[in-house]
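Undergrad: Structure of the sequence below:
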Amino acid sequence: MSSRSLFAALALGAGLLASFAASAYPDKPVRVIIPVVAGGSTDQLARVYQMTIERQKGLSQPMAIVNNGAAGGVVGTRMIKDAEADGHTIGAWHMGLLTAPAMGVVDYDHTAYELIAQVGAVSVGLAVKSESAIKTVSDLVAAAKTRPGEVTSAMNIGLLPHFVPLMLGQEAGVRFRFVQAGGGAVRLKSVLGGHTEFSLFSLSEMISFGPSGIRPIVLFDAQRDPRLPDVGTTVEAGYKLTFGERIMFLAPKGTPAARLDVLRKAMRAASEDPEFQAKVREQGVDPVFVPGDELRAQLDRQMVSIKAVADEIKAAMAAEKKPN
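TA: Coordinates of the predicted model:
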């Protein structure tokens, strides 16, 4: 056999093996790690994907959701990162991929994973207990000026509930006192229990948690959302700050491209399903689908600006701690 014929045979064999690997995958349930307790927007969206993919028979095996909200999501994100890269363990997470490393909470970012796709976009805002005297973001800032460093916010360290209120305080010239809580469902309990006065929630959490007794006071956006038409925006209130949440599916670094493609195809089909779209919009999520390579480029660009803001915030926090 000539060298050219041998090369062609090897290439054909490799192609057949790759095709077989893709067709045989998954051959057991796909574990989906959600680094928060059940109930938040990331968890809710992942579960709608799970149900839709199963209804569409997009995968040959079921998706099994596993919640682990320990250490503010650090344990769960490490579980995704350190899992065997065979496509049978993936995860769903959000902008904490960028804000946590920027704030120094973890030493890894989005580049430590294979990015399957962004599957949702969500507005975020602040909410208080329904009985609170704070009705608007202007009231909140006024309270923080009257009681500097005393107005309490339930947060998840290094993630958006920490990062975004810090950014607001920076622009408004006020300081809040942050209390570690956890994911959205845990922060809800903190606010309802009177342990903290406000917290950041996603639009979907504001909608689903509203009947429990919280009242949204602002969205970090330029325009009001028709799903919460009575809630004003930061731009309306005179602030420049806007910010949104991305919800993404991730896999361990080194997961075979063919297996990522199987997952991506199933997720894209689910995202285009009219029943799925209606359900997630009802929850306050916009069904945006951005495939892995495109998503990585967007996150690379966004990380630059997030790091710059985080450096300013950390410098200001360090200055406040210095003795006079």
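Undergrad: C-alpha only now, for contacts and for neighbours.
TA: Noted.
Undergrad: Would you map out the domains in this structure?
TA: Listed by automatic domain parsing, the domain ranges of the chain are 28-121+246-309, 123-244.
Undergrad: do you know which of these lies nearest Ala319?
TA: Taking Cα to Cα, domain 123-244 is the member of these nearest to Ala319, at 12.8 Å.
Undergrad: what are the ranges of the strands in the stretch 1-150 of the chain?
TA: Ranges of strands in the stretch 1-150 of the chain, per DSSP state E, counting those that start in this stretch, are 30-34, 63-67, 89-93, 113-129.
Undergrad: likewise the stretch 151-300 of the chain?
TA: Under DSSP E, counting those that start in this stretch, the stretch 151-300 of the chain gives strands at 152-155, 177-180, 198-202, 214-219, 244-252, 290-291.
Undergrad: What lies in contact with the shortest one?
TA: If I follow you right, that is strand 290-291. By Cα atoms under 8 Å, 6 or more residues apart in numbering, the list of residues contacting strand 290-291 from outside reads Leu115, Ile116, Ala117, Gln118, Val119, Arg264.
Undergrad: Now for those: which two are most distant?
TA: That would be Leu115 and Val119, which, of those, are the farthest apart (Cα to Cα) at 11.0 Å.
Undergrad: list residues touching both of those two?
TA: Going by Cα under 8 Å, 6+ apart, residues that sit against Leu115 and also against Val119 are Met248, Phe249.
Undergrad: hmm, back to that, which one of the domains of the chain lies closest to Lys322?
TA: Using Cα to Cα, the nearest of the domains of the chain to Lys322 is domain 123-244, at 15.3 Å.
Undergrad: Could you dump the domains of the chain into a markdown table with mean pLDDT added?
TA: Shown next, in a markdown table, are these (pLDDT from 0 to 100):
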| stretch | mean pLDDT |
| --- | --- |
| domain 28-121+246-309 | 95 |
| domain 123-244 | 95 |
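Undergrad: what would those look like in CSV with distance to Ala316 and mean neighbour count?
TA: Putting the domains of the chain into CSV (distance: least, Cα to Cα, whole Å; neighbours: other Cα atoms under 10 Å) gives the following:
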stretch, distance to Ala316, mean neighbour count
domain 28-121+246-309, 11, 19
domain 123-244, 9, 20
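Undergrad: Please produce TSV containing the ones you listed, extended by distance to Met317.
TA: Output for the domains of the chain, formatted as TSV (distance: least, Cα to Cα, whole Å):
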stretch	distance to Met317
domain 28-121+246-309	11
domain 123-244	10
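Undergrad: Among the ones you listed, which comes closest to Lys321?
TA: domain 123-244 (12.3 Å).
Undergrad: Check the separation of the first and last residues in that closest one.
TA: 5 Å (Cα to Cα, to the nearest Å).
Undergrad: So that it lines up with my notes, have the first residue be 698 from now on.
TA: Okay, residue one is now 698; in that scheme the one you just asked about reads as domain 820-941.
Undergrad: Can you give the distance of it from its chain's centre?
TA: Distance, stretch centre to chain centre, for domain 820-941: 17 Å (Cα atoms, centre = their mean, to the nearest Å).
Undergrad: any residues touching stretch 950-966, and which ones?
TA: 715-716, 718-719, 722, 746, 750, 755-756, 778, 782-784, 809-811, 813-814, 816, 986, 988.
Undergrad: Please apply the same query to stretch 866-885.
TA: Counting by Cα under 8 Å, 6+ apart, 733-738, 766, 768-770, 838, 841-842, 845-854, 859, 863, 887, 893, 896, 898, 902, 906, 911, 936, 938, 1010 sit against stretch 866-885.
Undergrad: Same check on stretch 770-786?
TA: 723, 725-733, 764-767, 787-788, 790, 803, 809-810, 879-880, 947-953, 956-957.
Undergrad: Using PDB, write down the CA coordinates of that stretch.
TA: The C-alpha coordinates for stretch 770-786 follow below in PDB (Å, rounded to 0.1, in the frame of the first residue of the first chain):
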ATOM      1  CA  GLY A 770     -21.400  28.500  43.400                       C
ATOM      2  CA  VAL A 771     -17.600  27.800  43.700                       C
ATOM      3  CA  VAL A 772     -18.100  24.100  44.500                       C
ATOM      4  CA  GLY A 773     -20.500  23.600  41.600                       C
ATOM      5  CA  THR A 774     -18.400  25.400  39.000                       C
ATOM      6  CA  ARG A 775     -15.300  23.400  40.100                       C
ATOM      7  CA  MET A 776     -17.300  20.200  39.800                       C
ATOM      8  CA  ILE A 777     -18.100  21.100  36.200                       C
ATOM      9  CA  LYS A 778     -14.500  22.100  35.500                       C
ATOM     10  CA  ASP A 779     -12.900  19.000  37.000                       C
ATOM     11  CA  ALA A 780     -15.400  16.400  35.700                       C
ATOM     12  CA  GLU A 781     -14.400  13.800  33.200                       C
ATOM     13  CA  ALA A 782     -14.400  15.400  29.800                       C
ATOM     14  CA  ASP A 783     -16.600  12.800  28.100                       C
ATOM     15  CA  GLY A 784     -19.800  14.800  27.600                       C
ATOM     16  CA  HIS A 785     -21.700  13.100  30.300                       C
ATOM     17  CA  THR A 786     -21.200  15.900  32.800                       C
END
